[in-house]
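Novice: Sequence first, predicted coordinates after that:
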Amino acid sequence: PEDEDSIGRWLVRWEGFNSEELDKVRSTYDSETEGLTLSILMPVYDPPISWLEEAIDSVRAQLCGRWELICIDDSSTKPEITDLLDRYAEEDERIKVRRMPSNGGIALATNAGLEMASGEYVAFMDHDDVLEPEAVYRMLDAAVSGADIIYSDEIIVGSSLDEIIEIVARPAFSYDYYISHPYFVHFVATRTDIAKNIGGLDVSMSISMDVDFVIRLIECSSKIIHVPVPLYRWRTHDKSAGHEKINAVMSATRNAIQRHHDRVMNAASV
């Protein structure tokens, strides 16, 4: 990007800091979020090794150290994934690994990770995406005020993390808008007790379970905060598969929204 490009300037925002300055930032971030931990749940199933490394490295590079990463290996078929996860867990005690006995899908794996979460807040991350360096701090900084749900803006990238396709700036929270159009996807965190109380993700759903989960969280939440900063790089690839599933996604999402209206006794038809 050219120097006058605001997005380009933002992308290199941390490059001018020396190690001493970064240490001061880390100390400040840890101090301001004292007493809170963000548990990041990452289901893992046969991603490209380099993408998984980038994902985990982005968590380890967080400027706020108040996190734990729970990697749920959903019975990956590649032995090198097992080796990689074990190595990371040995190198950093904040990284925990759980192995599923068989491939049960994202919802089941996520719920298995949720059982292990010890942080006051829990967040969700795909095995081929990455966090921006200030992601944990920004989420916990919002959590200090007692938020029930926190969500951020995101960056859509191609197969390469440097291939910026779009920076998606989400609006502030609106119940009416979300129920009309579930408009935020990443990065999302919620109070761990709420996530556990509603039973985690619906394991009967193979698609749109994240929307269903957020809707059920909203039903139990009184304070929802939007962090107006892109904190998550969402890697998109094999777009044709997404187009093939669009009808199934729409149907599952409509059903999730309809179930919400039925639960809260809104006389609404989706």
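Specialist: Arrived safely, thanks for sending.

Novice: low pLDDT regions in this protein?
Specialist: Applying pLDDT under 70 to the chain picks out residues 1-4, 237-244.

Novice: how about the helices in it?
Specialist: Taking DSSP state H to define them, one finds helices in the chain at 6-11, 19-32, 49-60, 79-91, 106-116, 135-143, 175-180, 192-197, 209-219, 239-244, 246-263.

Novice: Make TSV from these and add distance to Met42 and mean neighbour count to it.
Specialist: C-beta here means a position set from N, CA and C on the backbone, and glycine is covered the same way. Listed next are the helices of the chain as TSV, based on distance: least, C-beta to C-beta, whole Å; neighbours: other C-beta atoms under 10 Å:
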stretch	distance to Met42	mean neighbour count
helix 6-11	24	12
helix 19-32	21	12
helix 49-60	7	17
helix 79-91	10	14
helix 106-116	7	20
helix 135-143	13	25
helix 175-180	25	12
helix 192-197	15	17
helix 209-219	14	20
helix 239-244	21	9
helix 246-263	22	14
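
Novice: Please name whichever of these is nearest to Glu166.
Specialist: Closest to Glu166 of those is helix 6-11 (C-beta to C-beta; 10.1 Å).

Novice: coming back round to it: redo the helices of the chain as CSV? Include distance to Ser152.
Specialist: CSV is the format used below for the helices of the chain (distance: least, C-beta to C-beta, whole Å):
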stretch, distance to Ser152
helix 6-11, 14
helix 19-32, 16
helix 49-60, 14
helix 79-91, 24
helix 106-116, 19
helix 135-143, 7
helix 175-180, 15
helix 192-197, 17
helix 209-219, 14
helix 239-244, 22
helix 246-263, 21
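
Novice: mind checking which of the ones you listed is nearest Val97?
Specialist: The nearest among the helices of the chain, by C-beta to C-beta, is helix 79-91 at 4.8 Å.

Novice: contacting residues for the residue nearest to Ala267 when sequence neighbours are not counted?
Specialist: Nearest non-adjacent residue to Ala267, counting by C-beta to C-beta, 6 or more residues apart in numbering: His261, 7.9 Å away. Going by C-beta atoms under 8 Å, 6 or more residues apart in numbering, His261 touches Ile179, Ala267, Ala268, Ser269, Val270.

Novice: Which of the helices of the chain sits closest to Asp73?
Specialist: With distances scored as C-beta to C-beta, the stretch of the helices of the chain nearest to Asp73 is helix 79-91 (6.0 Å).

Novice: Measure how far that closest one is from the centre of its chain, please.
Specialist: 21 Å (C-alpha atoms, centre = their mean, to the nearest Å).

Novice: same check, this time on stretch 182-199
Specialist: 9 Å.

Novice: what's the first-to-last distance across it?
Specialist: End-to-end distance of stretch 182-199: 20 Å, with C-alpha to C-alpha, to the nearest Å as the criterion.

Novice: quick one: Phe17 from Asp73, how far?
Specialist: According to C-beta to C-beta, to the nearest Å, Phe17 and Asp73 sit 35 Å apart.

Novice: rewinding a little: most neighbours of all the contacts of His261, which one?
Specialist: The most crowded member of those, judged by other C-beta atoms under 10 Å, is Ile179 (16 neighbours).

Novice: Right, I'll leave it there.
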